[in-house]
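# Please find the sequence and the predicted model below.
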Amino acid sequence: MPDIFSMQTAPASSALQATAYAKLNLALHVTGRRDDGYHLLDTLVAFAGYGDEITISPAQEDSFTLSGRFGQQLPVNGDNLVLKARDALREHFPQQSTAIAIHLEKNLPVASGIGGGSSDAATLLALLIRLWNIKPEQTLLKQICLQLGADVPMCLHGQLYGGALIAKGIGEDVQSLSGLPVLPLVLVNDGTAISTPQIFKHMHKRDNPALPELARFDSHAELCNFLKTTRNDLLPPAAQLAPQLPEILQILRDCGAHYAQMSGSGATCFGIYDTLPAAQQAAEVLQQQNPHWFVCATTTLPNKA
Ligand code: C5P
């Protein structure tokens, strides 16, 4: 779990804003299943330099508002992971947790394998810790993250440090990975919302090999060659429910991607390009041909440190 305090500047007394970055599983191997039904993962994760935008400010009473392309698809009540994150932290710090106005600009497609809700929750935790000037113990912070979702610890790591990581266990065992090249990317989502539990339920084989040993990657071509030896074990069950997925991956390759894969349980797919202009050009073509798709050209986040 990241040390949140080493990253902080002075406590804030006015509005704070941060991007909740999209999480990308560059490779996702499912290696087993725990007795409680959760799956064991070995996943290489990076974050896109694009995401939802969260703003919080001190207020007379709590409020939560939503905007953005995908804002209407989310609940504004206690089912929203952002409010669950606020309430989970408040439960442990009732004295310091004053009323707060939260605004979420939802730019990422919902239920789409890029950890939007998890990243929103992690980002809100990081912002509230600063605004409320509280210092949760690392174990408590980890417990709160995991209670919100298996992807929340890795999203908090991305929020604080950027860069890439390896996550194991059900997602709670997060190790920083330095030296990964920054990758120009195109993200695409054709509008299919996919339920993560459904995908895990549809898996035929759960005891798959772990990630191959990681080498040093001096260029993104070397990283792409490595990725070609990896898998997303959730792609076969996702393709059963959304049969267009392999075709979307092929479209990304046809538009010049060196490597294309689905992230998480889908349906968002990503392609890795030579340069950002090449990614932007591919994104333009894809958007023209598929006006209703979510299409985004970006790069992975570099290490923040
Ligand atoms: O933890 P989170 O709420 O994001 O997970 C959603 C669902 O995905 C879980 O209820 C579980 O069915 C499945 N899951 C899993 N193994 C993981 C992560 C999620 O089986 N490592």
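Done, it's in. Numbering: from 1, shown residues only.
# low pLDDT regions in the stretch 201-305 of the chain?
305 (pLDDT under 70).
# Show the residue spans covered by the helices in it.
Taking DSSP state H, counting those that start in this stretch as the test, the helices found in the stretch 201-305 of the chain are 220-227, 235-241, 245-254, 276-289.
# quick one, which of those is nearest to the ligand?
Nearest to the ligand, of all the helices of the stretch 201-305 of the chain, is helix 235-241, at 11.6 Å by C-beta to the nearest ligand atom. In short, each C-beta sits where N, CA and C put it, glycine included.
# show me what contacts Leu74?
Contact analysis of Leu74 by C-beta atoms under 8 Å, 6 or more residues apart in numbering lists Leu66, Asn80, Leu104, Lys106, Val110.
# Restricting to those residues, which residues neighbour the ligand?
Among the contacts of Leu74, no residue sits close to the ligand (C-beta under 6 Å from any ligand atom).
# and of the residues you listed, the nearest to Ala18?
Taking C-beta to C-beta as the measure, Leu104 is the one of the contacts of Leu74 closest to Ala18, at 11.2 Å.
# Which other helices and strands does the helix or strand hosting that closest one contact?
In the assignment (DSSP states H and E), Leu104 maps to strand 100-105. Judged by 3 or more C-beta pairs under 8 Å, 6 or more residues apart in numbering; DSSP states H and E, strand 100-105 is in contact with strand 39-58, strand 63-67, helix 81-92, helix 116-131.
# Let's have these in JSON lines, adding mean pLDDT and mean neighbour count.
Shown next, in JSON lines, are the helices and strands packed on strand 100-105 (pLDDT from 0 to 100; neighbours: other C-beta atoms under 10 Å):
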{"stretch": "strand 39-58", "mean pLDDT": "98", "mean neighbour count": "22"}
{"stretch": "strand 63-67", "mean pLDDT": "96", "mean neighbour count": "15"}
{"stretch": "helix 81-92", "mean pLDDT": "97", "mean neighbour count": "19"}
{"stretch": "helix 116-131", "mean pLDDT": "97", "mean neighbour count": "25"}
